[in-house]
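S.K.: Any chance you could fold what I've pasted below:
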Amino acid sequence: MDRDTLKELLGRVQSGRVSLEEAVEQLRRWPFEAMEFATLDHHRAIRCGFPEVIYCPGKSVEQVGRIFARLADAGPTVLATRATLEQYDAVAADLPAAEYNQVARTITLRRGEHTESVGHVAVLAAGTSDLPVAEEARVTAEIMDARVTTHYDVGVAGLHRLLACRETLELANAIVVVAGMEGALPSVVGGLVAVSVIAVPTSVGYGASFSGIAALLGMLNSCAPGVSVVNIDNGFAGGYIAATINKQAANKK
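M.R.: Here you go, the predicted model:
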């Protein structure tokens with residue numbers, strides 16, 4: 001249950017359209033709901049500003065389908081990450097409005113009225129091989145009501161590609177930079193803009209990249225002070241942090 005849903009329910013109780021008993025029944029599973037294999041945090045949207053997100057790896061097709069359905073009953077917006085097509089099929093069987101992004105491996109559901117997209121988050125990917133992680137960041141930021149622009153395949157091997165979108169980057173409230181191999185792109189971006197840069201190392205690269213560790217360490221050692229770093233391949237965290245920063249910045253304007 002999100003803040004708007006709770007306000008609407010309390011307003012109906014106040015106006016007499018919903019009885020106290022009916023309201024208690026609707027709130028019975030709030031703030032959390034215990035299932036046999038999961039405990040769902042229905043209070044998170046009110047506490048943190050966005051509902052609990054489903055991390056799909058390690059969960060069965062049935063588990064993802066049931067968790068997604070319960071979260072959809074509790075609120076209008078649901079996000080699942082690292083989902084397979086089979087897991088999406090289980091969700092769509094009950095919720096045909098759910099959407100699957102095959103590149104990002106995300107399942108999203110957005111119903112009813114929602115906040116108009118605010119501010120501006122930019123998502124950059126050094127190479128095409130980084131797109132699954134970059135798309136995960138984009139989908140996350142967008143479902144959190146951020147307006148997102150993407151700039152893909154702008155790695156440092158061809159720096160002119162990055163400089164061509166510099167004016168757009170300067171307008172963003174936060175920038176997610178996704179890169180593998182040596183992970184140099186966030187440092188370059190951090191030296192060009194005056195906003196927070198969230199660096200996302202990917203496991204892309206040949207043997208000495210050590211499945212993303214080289215990029216992670218390079219980003220942690222960035223000489224650009226405005227760069228922060230999330231874990232390897234964690235586009236979700238990059239998009240989430242950027243959307244949070246963006247919302248705070250947009251609310252101040």
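S.K.: So Ile175, which state does it fall into?
M.R.: Per DSSP: H, G, I helix; E, B strand; the rest coil, the secondary structure class of Ile175 is strand.
S.K.: I meant Glu182, not that one.
M.R.: When classified by three-state DSSP, Glu182 comes out as coil.
S.K.: residues touching it, list them.
M.R.: Counting by C-beta atoms under 8 Å, 6 or more residues apart in numbering, Glu182 touches 205, 209, 214-215, 218. The C-beta positions use only the backbone N, C-alpha and C, and glycine is treated the same way.
S.K.: got a list of what Gly226 touches?
M.R.: By C-beta under 8 Å, 6+ apart, the residues touching Gly226 are 190, 193-197.
S.K.: Quick check: next helix or strand after the helix or strand containing Val24?
M.R.: For Val24, the host element (DSSP states H and E) is helix 20-26. Using DSSP H and E, the helix or strand that directly follows helix 20-26 along the chain is strand 32-34.
S.K.: what pLDDT does Leu95 get?
M.R.: Looking at Leu95, its pLDDT stands at 96.
S.K.: I meant Val177, not that one.
M.R.: Predicted confidence (pLDDT) for Val177: 98.
S.K.: Which residue is the nearest non-sequential neighbour of it?
M.R.: Once flanking residues are discounted, Val177 sits nearest to Pro186: 4.2 Å by C-beta to C-beta, 6 or more residues apart in numbering.
S.K.: So for the one you found, what's the pLDDT?
M.R.: According to the prediction, Pro186 has pLDDT 97.
S.K.: what do you get for Val123?
M.R.: 98.
S.K.: likewise the one 4 residues further on?
M.R.: Here, the pLDDT recorded for Gly127 equals 96.
S.K.: again, but for His120
M.R.: His120 carries a pLDDT value of 94.
S.K.: show me what contacts the residue lying closest to Thr106 once chain neighbours are set aside?
M.R.: Among residues not flanking Thr106 along the chain, Val139 sits closest, at 4.7 Å (C-beta to C-beta, 6+ apart). Shown here is Val139, whose contacts under the criterion C-beta under 8 Å, 6+ apart are 79, 101, 104, 106, 108, 239.
S.K.: list the contacts for the closest residue to Asn231 other than its chain neighbours?
M.R.: Distances taken as C-beta to C-beta, 6+ apart put Ala237 closest to Asn231, at 6.8 Å, once the chain neighbours are dropped. Residues near Ala237 by C-beta under 8 Å, 6+ apart: 200, 230-231.
S.K.: May I see these organised as a markdown table, with pLDDT, distance to Leu169 and neighbour count added?
M.R.: Below are these laid out as a markdown table (pLDDT from 0 to 100; distance: C-beta to C-beta, whole Å; neighbours: other C-beta atoms under 10 Å):
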| residue | pLDDT | distance to Leu169 | neighbour count |
| --- | --- | --- | --- |
| Val200 | 98 | 16 | 36 |
| Val230 | 98 | 19 | 21 |
| Asn231 | 98 | 24 | 12 |
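S.K.: Between these, which sits nearest Pro51?
M.R.: Of all the contacts of Ala237, Pro51 sits closest to Val230, with 20.2 Å by C-beta to C-beta.
S.K.: any low-confidence regions in the stretch 1-150 of the chain?
M.R.: For the stretch 1-150 of the chain, applying pLDDT under 70 flags the ranges 1-3, 25-30.
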